[in-house]
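> When you get a sec, could you give me coordinates for this:
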Amino acid sequence: MSTLWRVRITGLSQQPPTLSLQLRAIHPDAGALPTSLSFAYRLLTEATSSTTVTRGQIAHPTDGQAEAPIDSVTVSDERNFPYDDDAAKQYIEDELRGSGLTPDNTPEAWQAGFIESWQELWRGKGPITEALAPTATLTLRLKDTSALSELTQGAEWDTAAYG
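The predicted structure follows:
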């Protein structure tokens, strides 16, 4: 399974116990931003080292398991949702034309430039990522602070978690 999201811990608070996570789509198939408790639970288990779930695996919480540690999930700072593949391609083509390239007069340079820009979008660095990559912040309000002691501000990982 492809990794879909890059997750970074952007905030930890003991009172009230909250965990803020910045999510950025790193694959065009990431789709809509999941906001369910089960998705949040998967991210929480991937972030903590004491669980049997290792990073990159998907935890499948049983009924009630996700609700046990997480009280609520709040979404903020949503950008570029829903992701629009055609708009992204058009943006890149406009940027290439602005630099003097055209698909007819400079086909090899056009193709190379398009591929480089497309890869930049999903690598997560540069102006194309800033302009087009879907990003959001999920804030998990936790029922207790036990998981917070295992987390590190700025920790980052990729996940294949969905829905």
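> Please enumerate residues in contact with stretch 25-40?
Residues external to stretch 25-40 that are found in contact with it (Cβ atoms under 8 Å, 6 or more residues apart in numbering): 2-6, 23, 61, 66-67, 70, 73, 75, 78, 81-83, 85, 122-124, 133-136, 138, 140, 158, 161-163. (Each C-beta comes from the backbone N, C-alpha and C, glycine too.)
> do stretch 89-103 as well
Contacts with stretch 89-103, where a contact means Cβ under 8 Å, 6+ apart, come from T106, A109, W110, G113, F114, S117, W118, L121, I128, A131, L132.
> buried sites along that stretch?
Using 16 or more other Cβ atoms under 10 Å as the test for burial, stretch 89-103 gives Y91, I92, E93, E95, L96, L101.
> got it, and stretch 127-141?
Burial within stretch 127-141, assessed by neighbour count using 16+ other Cβ under 10 Å, is assigned to I128, T129, L132, A133, P134, T135, A136, T137, L138, T139, L140.
> just stretch 103-110 next, same as before
Of all the residues in stretch 103-110, those buried under the rule 16+ other Cβ under 10 Å are W110.
> What distance separates the opening and closing residues of that stretch?
With Cα to Cα, to the nearest Å as the measure, the first residue of stretch 103-110 is 6 Å from its last.
> which residue ranges form the strands in this structure?
Along the chain, the stretches classed as strands by DSSP state E are 5-13, 18-25, 70-79, 135-142, 156-159.
> Let's see which of the contacts of stretch 89-103 end up in helices.
Members of the contacts of stretch 89-103 lying in helices (criterion: DSSP state H): A109, W110, G113, F114, S117, W118, L121, I128, A131, L132.
> State the pLDDT value of the fifth one.
Turning to S117, the model gives it a pLDDT of 92.
> now the nearest residue to it once chain neighbours are set aside: how far from T45?
Excluding the flanking residues, the one nearest S117 by Cβ to Cβ, 6 or more residues apart in numbering is I92, at 4.5 Å. Relative to T45, I92 is positioned 36 Å away (criterion: Cβ to Cβ, to the nearest Å).
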